[in-house]
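*Asks:* Here is a sequence with its predicted model. Questions after.
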Amino acid sequence: MAFSTSLLSLMSLYVFSITLLSTSFLSVSINTDTIIDLDLPFNSIKSAADVHDLLPKYGLPRGLIPDAVKSYSISKDGSFEMEFEHPCYVMFDRLVYFDRRVKGKVSYGCISDVSGIQAKKLFLWVSVTRIQVDSDPNFIEFYVGALSEKLPAKQFENVPTCKSKGCQTSKLESS
C-alpha cells in the first residue's frame with residue numbers, strides 16, 4: 001500500500017509539473033520553399049559583430065541572442081557553437097540564462113538541438129531544446145522537450161543586453 005501511495009504521489013507531481021510547464025505557447029511561421037545559400041565555409045569562425053545580422057538570413061529575429069557573443073562558428077549543415085564573454089541572463093517575458101557556450105543546429109526559421117540556454121518557469125530552470133518561428137509570424141515558439149511556449153516575436157526585435165546576474169522582475173513590472 002505504501003508503494004502505491006508513493007507511486008501515486010510521484011505521478012501526481014509529474015502531471016502537475018507538465019501542466020505547470022505547458023501553460024503558454026509561442027510560434028513563428030516558416031516558408032519551407034525558401035532556400036538560403038550563405039556560402040559559409042565548414043567550421044568558419046566569425047566575429048561576434050555579424051552574428052545578429054546572420055539570424056534574419058535564417059528567418060529568425062536578431063534579438064534571440066544577447067549582445068555578449070565573443071565568437072561563433074557554423075558548419076554547412078547548420079551546426080553552430082557560440083561563445084559568450086561570460087555566462088549571462090536576459091529578461092524576456094521570463095528570465096533566460098545563456099551558458100558560456102551555446103550549441104545547436106540552425107535552419108530556416110528554426111534552431112534545433114539547442115544546449116546552453118535555460119528559461120526560468122516559476123521556480124524551475126528548464127533547458128530550451130528548440131526555437132522555432134510559428135505559422136503566425138507574430139510569435140516564436142520555444143520548446144522544452146515535448147512542451148512548448150509561444151512568446152510575442154516583438155520581444156526579439158532588438159538585441160538584448162547580457163546581465164551577469166539574473167533579476168526577478170520582467171520588463172512589464174519595471175515599466
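*Replies:* Nice, thanks for sending it over.

*Asks:* got any ranges where the chain has weak pLDDT?
*Replies:* Within the chain, the stretches with pLDDT under 70 are 1-49, 166-175.

*Asks:* ok, which stretches of this protein are helices?
*Replies:* Remark: helices assigned in the chain by DSSP state H are 2-21, 51-54, 171-174.

*Asks:* Beta-bridge partners for residue 103, please?
*Replies:* On the basis of DSSP bridges, residue 103 is bridged to residue 81, residue 115.

*Asks:* What's the local residue count around it?
*Replies:* Per other CB atoms under 10 Å, the neighbour tally for residue 103 reads 14. C-beta here means a position set from N, CA and C on the backbone, and glycine is covered the same way.

*Asks:* In contact with it, which residues are there?
*Replies:* By CB atoms under 8 Å, 6 or more residues apart in numbering, the contact set of residue 103 is 79-82, 113-116.

*Asks:* Please apply the same query to residue 60.
*Replies:* By CB under 8 Å, 6+ apart, residue 60 lies in contact with 106, 109, 111, 131, 133.

*Asks:* doesn't residue 55 make contact with the last one?
*Replies:* No. Between residue 133 and residue 55 there is no contact, the gap being 10.7 Å when judged by CB atoms under 8 Å.
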